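**Student:** could you work out the structure for the sequence below:
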Amino acid sequence: MARRGRHLNLGDPISGWKLTWSFPAGQAVTQLWSGSCTQSGAQVTVTNVDYNGSIPSGGSTSSRA
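**Tutor:** The predicted structure follows:
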């Protein structure tokens, strides 16, 4: 199962982002692009990496697991 995250900033410029979700039991992230992932049970957290943490007003970045 692939999960894509598009991070659209509609407010002030930001210098870091975090995306969280919960999988159904037994699922896990095995690959990730454009982010840093931690997983504890079903709870997944993806945070930015150095090159995509800053998002200007109206800008976006994305990640894919």
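**Student:** which residues in the protein form strands?
**Tutor:** Counting by DSSP state E, the chain has strands at residues 4-8, 18-22, 36-40, 43-47, 60-64.
**Student:** point out where this protein drops to low pLDDT.
**Tutor:** Scanning the chain for pLDDT under 70 picks out the ranges 1-3, 64-65.
**Student:** tell me how many other residues crowd Gly59.
**Tutor:** Residue neighbour count, defined by other C-beta atoms under 10 Å, stands at 13 for Gly59. C-beta here means a position set from N, CA and C on the backbone, and glycine is covered the same way.
**Student:** nope, Pro56 is what I was after
**Tutor:** 10.
**Student:** before we move on, the earlier item: turn the strands of the chain into a markdown table, including distance to Val29.
**Tutor:** Listed next are the strands of the chain as a markdown table, based on distance: least, C-beta to C-beta, whole Å:
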| stretch | distance to Val29 |
| --- | --- |
| strand 4-8 | 12 |
| strand 18-22 | 10 |
| strand 36-40 | 5 |
| strand 43-47 | 6 |
| strand 60-64 | 10 |
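**Student:** reformat the ones you listed as CSV; add mean neighbour count.
**Tutor:** Formatted as CSV, the strands of the chain follow (neighbours: other C-beta atoms under 10 Å):
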stretch, mean neighbour count
strand 4-8, 13
strand 18-22, 12
strand 36-40, 12
strand 43-47, 17
strand 60-64, 16
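**Student:** so which of these comes closest to Ala28?
**Tutor:** Closest to Ala28 of the strands of the chain is strand 36-40 (C-beta to C-beta; 6.2 Å).
**Student:** what pairs with that closest one, parallel or antiparallel?
**Tutor:** strand 43-47 (antiparallel) (DSSP bridges).
**Student:** got a list of contacts for the partner strand?
**Tutor:** Counting contacts by C-beta atoms under 8 Å, 6 or more residues apart in numbering, the residues outside strand 43-47 that touch it are 5, 16-23, 29, 32, 35-39, 63, 65.
**Student:** could you redo the last one with a cut-off of 7 Å?
**Tutor:** 5, 17-23, 29, 32, 35-38, 63, 65 (C-beta atoms under 7 Å, 6 or more residues apart in numbering).
**Student:** before we move on, the earlier item: which stretch among the strands of the chain comes nearest Ser54?
**Tutor:** Among the strands of the chain, strand 60-64 comes nearest to Ser54, with 8.7 Å by C-beta to C-beta.
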